[in-house]
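In: Please find the sequence and the predicted model below.
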Amino acid sequence: MFPGVFKFMMRILIIGAGVIGASIAYELSRVKNLQVTLIDSHGATEGATCAALGVLMGVISHKTKGRAWKLRQSSLERYRTLIPELRSLTNLPIAHNQQGILMLRTDTEDRWEKLVTIRQSQGFSLELWDREKLYRFCPEVDNPRLTGAVYSPQDTQIHPGQLTAALVAGAVKNGIDCRFGVTVENIIASGDNRRAEAILTSDGIYQFDRLVISAGLGSTALSDNSIELRPVLGQALEMKLPSPLETGSFAPVITGEDVHIVPLGDCRYWVGATVEFPDFDAGEVHPETGLLEGVRQKAIDWCPGLALGTIERTWWGKRPRPHDRPAPVIETHPDYDNILFATGHYRNGVLLAPATASIIKDMIIC
């Protein structure tokens, strides 16, 4: 059960219980001789995690090498064992669509043929579908602009809230201490200029040997503004239809022009998400109803049957996007050698959570 062992008891403090912090807490809970505490000013599944649809576009992405691909590859491999592992440990539900992702095409470019070849060499599968095959397997799709689709059977979709709740529950079951409603006020340095020893919080002082900051947009202040994260708001909605879109049992996630249609069962579908950048003069970003309606209309363009649906609920959240640097930020604090950052995943938090947790674990125990 515990693949790693650390020789001496080490106190690990994690700030932020979204999907990134929860993943780190769970992976560290599987290592012996670590005393792990997870804190959050709110609760699990809030913040950027609540904006996510959990669509894991790894194989179907055009990232084929370097850090961007290695993170995706590592996460996809870990998810194969992580979901059954968490279900067995916690007995909690984790909705997991394993019927793949279908990306609709309106182009005739040959870049997809190149990607198919690359993925085959990496041990993954992609299928190029023409219009005839697309309409045969997914008759709910109907748009004259479509030239076909790309089907990725090994990509998947996971319910972000249920996943995060299971990660926290699994970590607690393995012995970590979890504290919600705790606000961080300040980092307390030790006599050594390159080390910190504690944080001052609304719940008192928390001491640590290693601190992991995965606080989303709140990470900027804890970096003394050396890491600038900006909010990108995302809105999504849940629709209820009188009957399923699908005529058979095949129900992949359908995506086209950055709009996702996620089947949930029981004639329910998630549709999203907007990408709304802040007005930097005001320094804030607020949800615009018209943009969400535009996403709904785009989804109806792909699958006309969605026009019969009623909106059951809408929601939004702010994703942390690094400014002038690639996402995510996984590195040591510029001032303290024993503080690590795991933040700024932008729109790929759920996708990259397992890989991030593995990297942070290695940075701590190696």
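Out: Yep, it's here. Please read all numbers here as calculations on a predicted model, not as lab measurements.
In: And stretch 10-23, what's buried?
Out: 10, 12-23 (16 or more other CB atoms under 10 Å). To be clear about C-beta, it is placed using only N, CA and C from the backbone, and glycine gets the same treatment.
In: can you tell me which of these are in helices?
Out: In this view, the buried residues of stretch 10-23 that belong to helices under DSSP state H are V19, I20, G21, A22, S23.
In: Any regions of the stretch 201-350 of the chain where pLDDT drops low?
Out: Under the criterion pLDDT under 70, the flagged ranges of the stretch 201-350 of the chain are 280-283.
In: Past the helix or strand containing M103, which element shows up next along the chain?
Out: In the assignment (DSSP states H and E), M103 maps to strand 101-105. Proceeding N to C from strand 101-105, the next assigned helix or strand is helix 111-121, under DSSP H and E.
In: packing partners for that next one?
Out: The contact analysis (3 or more CB pairs under 8 Å, 6 or more residues apart in numbering; DSSP states H and E) places helix 111-121 against strand 127-130.
In: Mind giving me the packing neighbours of the helix or strand just after the strand it packs on?
Out: Going down the chain from strand 127-130, the next helix or strand is helix 131-137, by DSSP H and E. Where contact means 3+ CB pairs under 8 Å, 6+ apart, helix 131-137 is packed against strand 148-152.
In: neighbouring strands for the strand it packs on, and are they parallel or not?
Out: Sheet pairing here is set by DSSP bridges, and for strand 148-152 it gives strand 101-105 (antiparallel), strand 127-130 (antiparallel).
In: Mean neighbour count, these: which tops it?
Out: A comparison of those by mean neighbour count, using mean count of other CB atoms under 10 Å, puts strand 101-105 on top with a mean of 24.
In: Please identify which of the strands paired with strand 148-152 is closest to I365.
Out: I365 lies closest to strand 101-105 among these, at 34.0 Å (CB to CB).
In: need the contact list for A52.
Out: V19, P160, G234, G317, G349, V350 (CB atoms under 8 Å, 6 or more residues apart in numbering).
In: per-residue pLDDT, it?
Out: What the model reports for A52 is a pLDDT of 91.
In: Then M9?
Out: The model's pLDDT for M9 equals 84.
In: these two touch, right, it and Q35?
Out: Yes - the criterion here is CB atoms under 8 Å, and M9 meets it with Q35 at 5.8 Å.
In: Near I330, how many other residues are there?
Out: 21 (other CB atoms under 10 Å).
In: so which strand or helix has it?
Out: strand 329-332.
In: Report all helices and strands that the helix or strand just after that strand contacts.
Out: As assigned by DSSP H and E, the chain's next helix or strand after strand 329-332 is strand 339-343. Judged by 3+ CB pairs under 8 Å, 6+ apart, strand 339-343 is in contact with helix 19-29, strand 210-213, strand 329-332, helix 349-365.
In: can you give me how far strand 339-343 is from the chain middle?
Out: A distance of 16 Å separates the centroid of the chain from that of strand 339-343, by CA atoms, centre = their mean, to the nearest Å.
In: What residue, apart from its backbone neighbours, is nearest T106 spatially?
Out: Leaving aside its chain neighbours, T106 sits nearest to R145 (4.8 Å; criterion: CB to CB, 6 or more residues apart in numbering).
In: Pretty sure T108 is one of the things the one you found touches, is it not?
Out: No - counting by CB under 8 Å, T108 is not a contact partner of R145; they are 11.8 Å apart.
In: one step back: can you add distance to K240 and give the contacts of A52 back as TSV?
Out: Below are those laid out as TSV (distance: CB to CB, whole Å):
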residue	distance to K240
V19	26
P160	20
G234	21
G317	22
G349	27
V350	24
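In: Can you name the two of the residues you listed that sit furthest apart?
Out: The span of these, defined through CB to CB, is set by V19 and G234 at 14.2 Å.
In: quick one: secondary structure of the residue lying farthest from the centre of the chain?
Out: What lies farthest from the middle of the chain is G191; by CA atoms, centre = their mean that is 37.5 Å. Here G191 is coil, with the state taken from DSSP: H, G, I helix; E, B strand; the rest coil.
In: Would you list the phi and psi of it?
Out: With angles defined as degrees, to the nearest 10, G191 shows backbone torsions of phi -60, psi -30.
In: can you pull the contacts of it?
Out: If a contact means CB under 8 Å, 6+ apart, then G191 has no contacts.
In: And P326, by the same measure?
Out: P326 touches R67, A68, counting by CB under 8 Å, 6+ apart.
In: In three-state terms, label it for me.
Out: Assignment for P326 (three-state DSSP): coil.
In: again, but for N143
Out: Going by three-state DSSP: N143 is coil.
In: Looking at it now. What's its pLDDT?
Out: 97.
In: Could you do R105 as well?
Out: R105 is assigned a pLDDT of 97 by the prediction.
In: got it, and I60?
Out: 98.
In: That one: what's its closest spatial neighbour, skipping adjacent residues?
Out: Using CB to CB, 6+ apart, the nearest residue to I60 is S152, at 3.9 Å.
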